[in-house]
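Asks: Generate a structure from the sequence data that follows.
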Amino acid sequence: MNQAFFVQLAVSGAAVAVMVGLAAWANIARSAPPLDEARARRLLAEEFPGRTLDGLWIAVDGMGAVAKSGGMALVLCQLGDGYVARQIPWAQALAASFKDGRIVIDLADVAAPKAVIALEAWPPKGSHKELAA
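Replies: Coordinates of the predicted model:
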């Protein structure tokens with residue numbers, strides 16, 4: 001073992017440490033910002049192009065939204081560091097349980113089994129004819 005071996009070992013170790021540090025820094029999860037009406041509309045338009053919204057209800061904490069589009073409910077909920085969008089029948093969204101200021105919508109999806117969204121009231125107030133599917 002000579003001096004060149006130790007220099008090469010030290011440089012290799014430093015390079016590996018730099019790469020590990022860079023990978024750790026790059027994977028720091030950045031939480032998605034809370035939803036507002038404009039951002040929720042933009043996300044829904046990206047996920048469901050061509051769908052018009054008949055109504056939109058944003059969570060009080062900004063971590064989800066429910067929109068009515070024809071006979072379907074478009075659901076946005078925070079999952080991890082982003083949002084997931086799912087489409088379910090409007091009647092299923094209306095039937096979701098509402099307790100302690102939160103609705104729990106069963107999405108029947110392995111990746112996102114349920115959406116828990118904090119709303120002031122559910123079902124939405126308004127003309128039943130306007131909201132009925």
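Asks: show me where this structure has helices.
Replies: Per DSSP state H, the chain carries helices over the ranges 3-26, 37-47, 90-94, 128-131.
Asks: would TSV of those with mean neighbour count be doable?
Replies: Using the backbone N, CA and C atoms, a C-beta is placed for each residue, glycine as well. Shown next, in TSV, are the helices of the chain (neighbours: other Cβ atoms under 10 Å):
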stretch	mean neighbour count
helix 3-26	10
helix 37-47	15
helix 90-94	18
helix 128-131	10
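Asks: Distance to D106 added to these, as a markdown table?
Replies: As requested, those are exported to a markdown table (distance: least, Cβ to Cβ, whole Å):
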| stretch | distance to D106 |
| --- | --- |
| helix 3-26 | 36 |
| helix 37-47 | 19 |
| helix 90-94 | 7 |
| helix 128-131 | 20 |
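Asks: Now those helices in a markdown table, please, with extra columns for mean pLDDT.
Replies: Output for these, formatted as a markdown table (pLDDT from 0 to 100):
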| stretch | mean pLDDT |
| --- | --- |
| helix 3-26 | 90 |
| helix 37-47 | 93 |
| helix 90-94 | 90 |
| helix 128-131 | 46 |
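Asks: neighbours around P89, how many?
Replies: P89 has 12 neighbouring residues, counting by other Cβ atoms under 10 Å.
Asks: any idea how far it lies from L22?
Replies: Computed as Cβ to Cβ, to the nearest Å, the P89 to L22 distance reads 47 Å.
Asks: cool, and M63?
Replies: For M63, the distance to L22 - Cβ to Cβ - is 31 Å.
Asks: just to revisit the earlier point, mind checking the helices of the chain for the one nearest to P113?
Replies: helix 90-94 (14.0 Å; Cβ to Cβ).
Asks: Since that was my last question, I'll sign off now.
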